[in-house]
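Asks: Pasting the sequence and the predicted model now:
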Amino acid sequence: QVQLVESGGGLVQAGGSLRLSCAYSGRTFSTYHMGWFRQAPGKERDFVARVSGSGTSTSYADSVKGRFTIFRDKAKNTVDLQMNSLKPEDTAVYYCAASRTYSVRPASYESWGQGIQVTVSS
């Protein structure tokens, strides 16, 4: 059983920064690849970023590339998402998820956090 808890969301002005953190508990952390997804009202849940179980591979959605960075801390069992140069279109509920498949598809992820709101004002 894997539990994921997100923290760090909130309200920020356009151009600002936020750092989301996902605390992992359960089975061996390195077993799972970790991803961040987001869902805006009335839209599907979209891939944002992922990091491999070893922490050596990462990838990002084109919309956030160069602005967001995903970090995996094996000592703390956390996965953080540093978000810089935020835009109003980044407003969404952000979810942390765990998968045994290194995938960008939400359906591949087995465990999900409860989600956390990020709002970027213009």
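Replies: Done, it's in.
Asks: who's in contact with Asp62?
Replies: Residues in contact with Asp62 (C-beta atoms under 8 Å, 6 or more residues apart in numbering): none are found. To be clear about C-beta, it is placed using only N, CA and C from the backbone, and glycine gets the same treatment.
Asks: how about the residue nearest in space to the middle of the chain, what does it touch?
Replies: For the chain, Trp36 is the residue whose C-alpha lies nearest the centre (C-alpha atoms, centre = their mean; 2.3 Å). Each residue near Trp36 by C-beta under 8 Å, 6+ apart is listed here: Leu20, Cys22, Val48, Ala49, Arg50, Ile70, Val79, Leu81, Tyr94, Tyr95, Cys96, Ala97.
Asks: what stretches of the chain score poorly on pLDDT?
Replies: The chain contains no residues with pLDDT under 70.
Asks: just the helices in it please.
Replies: With DSSP state H as the criterion, the chain has no helices.
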